[in-house]
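Undergrad: I would like to see how this sequence folds:
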Amino acid sequence: TILGIERIDEYKELFENKRVGLITNPTGIDSNFKSSIDILLEKTNLVALFSPEHGVRASIQAGMHLPTYIDEETGLTVYSLYGKSKKPTEEMMNAIDVMTIDVQDCGSRYYTFIYTMAYCMMACKEFDKTFVVFDRPNPIGLDKVEGNILDLKYRSFVGYYPILQRHGMTIGELAEMFNKEFEIGCKLKVVKMEGWDRNKYWDETELMWVVPSPNIPTVESTVLYNATCIFEGTNISEGRGTTLPFELVGAPFINPKDLEEKLNSLK
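TA: Residues are numbered from 1 along each chain as shown. Okay, the predicted model is just below:
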């Protein structure tokens with residue numbers, strides 16, 4: 001599999017004489033584990049980083065808000081897109097000409113990275129900037145779509161567009177859908193992958209799994225996340241803080257015998 005970020009030399013004209021911003025975290029790497037931050041620093045005029053939930057270095061727990069800060073490794077300003085503002089402000093957009101994203105999605109409607117992308121696309125439309133997606137695999141394959149479609153009465157940052165829970169698209173394909181079907185209408189360029197089998201799960205590829213957020217530690221957790229993250233909407237734990245997030249669901253007040261009988265009655 002040749003990742004989008006690995007094809008950057010074929011798209012040099014997008015970045016010539018442009019100030020570049022990058023939305024990323026530790027999942028933004030090439031097949032040799034080189035950070036997309038370092039790749040863009042070498043090949044473009046990278047001037048700013050934009051942080052999704054959990055931070056550019058993925059050290060922040062779910063739901064914690066971030067201020068703007070300086071990245072110690074590069075000295076670049078990191079603008080938080082998971083704090084006071086989830087959509088880039090005019091000040092942030094004035095710092096760049098092209099906004100790029102290289103982040104690993106996990107294939108689920110409620111993963112916030114895809115809405116960070118949508119809000120950045122909206123800002124690019126508003127301030128006439130180009131948006132570039134370096135595409136990556138969907139870790140749970142694209143041969144299945146499952147779940148319900150979001151009721152827009154319940155629209156939020158963990159479900160903004162009426163798509164399925166298991167949407168069956170890459171992050172680049174989602175960007176194209178958001179731009180066309182949901183009418184964002186920004187100047188969008190998707191740098192596609194080459195040689196990726198759309199039906200493969202991540203563990204069937206030769207790629208290394210990098211933890212995209214603190215509670216998606218394994219490829220298995222991306223599969224289960226689609227099914228068990230809905231328990232976040234209840235007073236039952238979905239296993240955050242345990243060694244098996246989204247693999248365990250429970251609460252101290254559950255009577256296991258009663259639950260077993262009820263589940264069995266429903267087959």
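
Undergrad: what's stretch 163-174 in contact with?
TA: 4, 101, 103, 105, 107-110, 113-114, 117, 133-138, 140-150, 177, 190-193, 226, 230 (CB atoms under 8 Å, 6 or more residues apart in numbering). Where you see a C-beta, it was placed from the backbone N, CA and C, and this is true even at glycine.

Undergrad: export stretch 130-140 as PDB, just CAs?
TA: C-alpha atoms of stretch 130-140 as PDB (Å, rounded to 0.1, in the frame of the first residue of the first chain):
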ATOM      1  CA  THR A 130      -7.200  24.900  -0.600                       C
ATOM      2  CA  PHE A 131      -7.800  21.800   1.400                       C
ATOM      3  CA  VAL A 132      -5.600  18.700   0.800                       C
ATOM      4  CA  VAL A 133      -6.300  15.200   2.200                       C
ATOM      5  CA  PHE A 134      -3.500  12.600   2.300                       C
ATOM      6  CA  ASP A 135      -5.700   9.500   2.100                       C
ATOM      7  CA  ARG A 136      -5.300   6.500   4.400                       C
ATOM      8  CA  PRO A 137      -7.000   3.100   4.700                       C
ATOM      9  CA  ASN A 138     -10.200   2.500   6.600                       C
ATOM     10  CA  PRO A 139      -8.900  -0.100   9.200                       C
ATOM     11  CA  ILE A 140     -12.100  -2.100   9.100                       C
END
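
Undergrad: show me where the chain has helices.
TA: 36-43, 90-94, 113-126, 171-180, 219-228, 256-265 (DSSP state H).

Undergrad: what's the neighbour count on Arg198?
TA: Neighbour count for Arg198, taken as other CB atoms under 10 Å: 13.

Undergrad: lowest-confidence helix or strand of the chain?
TA: strand 69-70 (a mean of 86; mean pLDDT, DSSP states H and E).

Undergrad: counting by contacts, list what it packs against.
TA: strand 77-80 (3 or more CB pairs under 8 Å, 6 or more residues apart in numbering; DSSP states H and E).

Undergrad: pLDDT (mean, whole number) over the strand it packs on?
TA: Throughout strand 77-80, pLDDT has a mean value of 92.

Undergrad: could you dump that strand to PDB, C-alpha only?
TA: Written as PDB, here are the backbone C-alpha positions of strand 77-80 (Å, rounded to 0.1, in the frame of the first residue of the first chain):
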ATOM      1  CA  THR A  77       2.500  27.000  16.500                       C
ATOM      2  CA  VAL A  78      -0.100  24.400  17.200                       C
ATOM      3  CA  TYR A  79      -3.600  25.700  16.900                       C
ATOM      4  CA  SER A  80      -6.100  23.700  18.800                       C
END
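
Undergrad: chain center to it, what's the gap?
TA: Counting by CA atoms, centre = their mean, to the nearest Å, strand 77-80 is centred 17 Å from the centre of its parent chain.

Undergrad: centroid residue for this protein?
TA: What sits nearest the mean C-alpha location of the chain, by CA atoms, centre = their mean, is Phe113, with 3.1 Å.

Undergrad: adding distance to Glu204 and mean pLDDT, write the helices of the chain out as TSV.
TA: Converted to TSV, the helices of the chain look like this (distance: least, CB to CB, whole Å; pLDDT from 0 to 100):
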stretch	distance to Glu204	mean pLDDT
helix 36-43	23	97
helix 90-94	38	96
helix 113-126	23	97
helix 171-180	19	98
helix 219-228	10	92
helix 256-265	31	97
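
Undergrad: what's the closest of those helices to Tyr69?
TA: Among the helices of the chain, the nearest to Tyr69 by CB to CB is helix 90-94 (13.4 Å).

Undergrad: buried set for that closest one?
TA: Within helix 90-94, the residues scored as buried using 16 or more other CB atoms under 10 Å are 92-93.
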